[in-house]
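[1] Everything below, folded, please.
(one chain, ligands or ions: 1)
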Amino acid sequence: MKVHGKPMRSIWLAPDAQAAEAIDQTRLPHALVSVRLTTLDEAAHAIRSMLVRGAPLIGATAAYGVWLALRADASDGALEHALAVLRGTRPTAVNLHWALDDMRQLLAPLPPAERVAAALRRAEAISDEDVAINRAIGAHGLKLLEDAWMRKGRQGRLEVLTHCNAGWLATVDFGTALSPIYQAHDAGIPVHVWVDETRPRNQGAQLTAWELGQHGVPHTVIADNVGGHLMQHGQVDLCIVGTDRTTAQGDVANKIGTYLKALAAKDNGVPFYVALPSPTIDWTLRDGVREIPIEQRDGTELSDVTGRLASGEVATVRITPEGSPAANYAFDVTPARLVTALITERGVCPASHDGLLSLFPERRGRAE
Ligand SMILES: CSC[C@@H](O)[C@@H](O)C(=O)COP(=O)(O)O
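    This is a model prediction of the structure:
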């Protein structure tokens, strides 16, 4: 996507080809700065502390992290160590495991002398593939938005609600949930986006609002609890969110609070779409509520809030009483029955095992 008129991705190879560079998302929207990742530890830190975040971008960063590790030591032991370190950074997004399994399959059989160049090539390819996938998700999702706009009689605005950030910042480019929105906006559909603030880390208020603003998409930030009210009053035509892990039967884990939006959508007859690239499908799992590991993060993300003071200084302040413990569940699972359809790079399908197999027939009959 473009920032200040210049094309930009969320992660890229540094011009000197000695590091990966990524936007530091903890600094947005107050500052657009990049961070240089030169070692395995820096890549792992970037994922763990959410300088980079969003399932597809976590996967791409991990792939670069393997390359960075091998530059220091390309032995079998170093490769296994790098994979283990990166695997331990965040538990819910399965794209991380997908990327690491992919890197291992490619690199383990190679002689150590060939591993560094091969790792970089594959990390670059994973990034490029993510961009192509998200463009295709946008094209398939656009048809749904066009249909919704037609159903509305092309009157007023097309009102879309999204949760968290599943835009280009969460991927290498274009985003998943936001990709159809960008394409619809570019096609002249008057889209307006209700942006859930997405406590506690405020990815909606800080990242989605920034992204949409950069692209000129009309949007309004709302507190997380507003969506149900808007849906009851006919102010949401459809919801689109991303996902960090989708099971083989179509259950989806996404940012905490997604489930409540899906319940409200169901109660109000509002279509609830989930956009995902195929590396987000975990074909080994069925029952998302019982089987998907849910990340719990430090309670300070809840008790402390960061923002810009009137002076322009960015500061972090505590909002809860000293001594009150905070529980910080980062994701929840929306059962497939609440999902109207899944939007993938291969097309749109029902959120079910049969639906997914209709788009990914090569998985049929495979031992999960
Ligand atoms: C295309 S991104 C899909 C999800 O990764 C996104 O919706 C999300 O929940 C991100 O969570 P985060 O904790 O910011 O990594």
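[2] what's near enough to touch the closest residue to Pro279 other than its chain neighbours?
    Excluding its sequence neighbours, the residue lying closest to Pro279 (CB to CB, 6 or more residues apart in numbering) is Trp98, at 4.2 Å. Heads up, the C-betas are built off the backbone N, CA and C, glycines and all. Counting by CB atoms under 8 Å, 6 or more residues apart in numbering, Trp98 makes contact with 59, 279-280.
[3] For those, which entry has the maximal number of neighbours?
    For those, the largest number of neighbours (other CB atoms under 10 Å) sits with Gly59, at 29 neighbours.
[4] Please look at it and Arg245 and confirm they touch.
    No. Assessed by CB atoms under 8 Å, Gly59 is found out of contact with Arg245, at 11.6 Å.
[5] so what's in contact with those two at the same time?
    What both Gly59 and Arg245 touch, as defined by CB under 8 Å, 6+ apart, is the set Ala93.
[6] Where does the protein get nearest to the ligand, residue-wise?
    Proximity of the chain to the ligand (CB to the nearest ligand atom) peaks at Gly242, 2.7 Å away.
[7] tally of neighbours for the closest residue in space to that residue that isn't next to it in sequence?
    Excluding the flanking residues, the one nearest Gly242 by CB to CB, 6+ apart is Ala166, at 2.8 Å. Counted with other CB under 10 Å, the neighbours of Ala166 add up to 34.
[8] just to confirm, which helix or strand has Ala166 in it?
    Ala166 belongs to no helix or strand when assigned by DSSP states H and E.
[9] Could you do Ile343 as well?
    Ile343 belongs to strand 341-344, assigned by DSSP H and E.
[10] cool, Thr92 as well?
    Counting by DSSP H and E, Thr92 is part of no helix or strand.
[11] swap in Arg36?
    Here Arg36, judged by DSSP H and E, is contained in strand 34-37.
[12] Sheet-wise, list the partners of that strand with their directions.
    Using DSSP bridges, the strands paired with strand 34-37 are strand 20-23 (antiparallel).
[13] So which bits of the strand it pairs with are buried?
    For strand 20-23, a neighbour-count test (16 or more other CB atoms under 10 Å) marks 20-23 as buried.
[14] Repeat that for stretch 142-159.
    Within stretch 142-159, the residues that qualify as buried are 142, 144-146, 148-149, 158-159, counting by 16+ other CB under 10 Å.
[15] Put the alpha carbons of that stretch into PDB.
    Only the C-alpha atoms of stretch 142-159 are listed here, as PDB (Å, rounded to 0.1, in the frame of the first residue of the first chain):
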ATOM      1  CA  LEU A 142     -15.000  -7.500  -3.300                       C
ATOM      2  CA  LYS A 143     -17.700  -9.500  -4.900                       C
ATOM      3  CA  LEU A 144     -19.400  -9.900  -1.500                       C
ATOM      4  CA  LEU A 145     -19.200  -6.200  -0.900                       C
ATOM      5  CA  GLU A 146     -20.600  -5.500  -4.400                       C
ATOM      6  CA  ASP A 147     -23.500  -7.800  -3.700                       C
ATOM      7  CA  ALA A 148     -24.200  -6.100  -0.400                       C
ATOM      8  CA  TRP A 149     -24.100  -2.700  -2.000                       C
ATOM      9  CA  MET A 150     -26.500  -3.900  -4.700                       C
ATOM     10  CA  ARG A 151     -28.800  -5.400  -2.000                       C
ATOM     11  CA  LYS A 152     -28.800  -2.000  -0.300                       C
ATOM     12  CA  GLY A 153     -30.000  -0.400  -3.500                       C
ATOM     13  CA  ARG A 154     -26.800   1.500  -3.900                       C
ATOM     14  CA  GLN A 155     -28.100   4.000  -1.300                       C
ATOM     15  CA  GLY A 156     -26.100   5.800   1.300                       C
ATOM     16  CA  ARG A 157     -22.900   4.100   2.400                       C
ATOM     17  CA  LEU A 158     -21.900   0.500   2.700                       C
ATOM     18  CA  GLU A 159     -21.400   0.000   6.500                       C
END
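[16] let's have the chain start at 583 instead
    Done: numbering now begins at 583, and the last item shifts to stretch 724-741.
[17] Distance from that stretch to the middle of the chain?
    25 Å (CA atoms, centre = their mean, to the nearest Å).
[18] so for that stretch, what's the average pLDDT?
    For stretch 724-741, mean pLDDT is 98.
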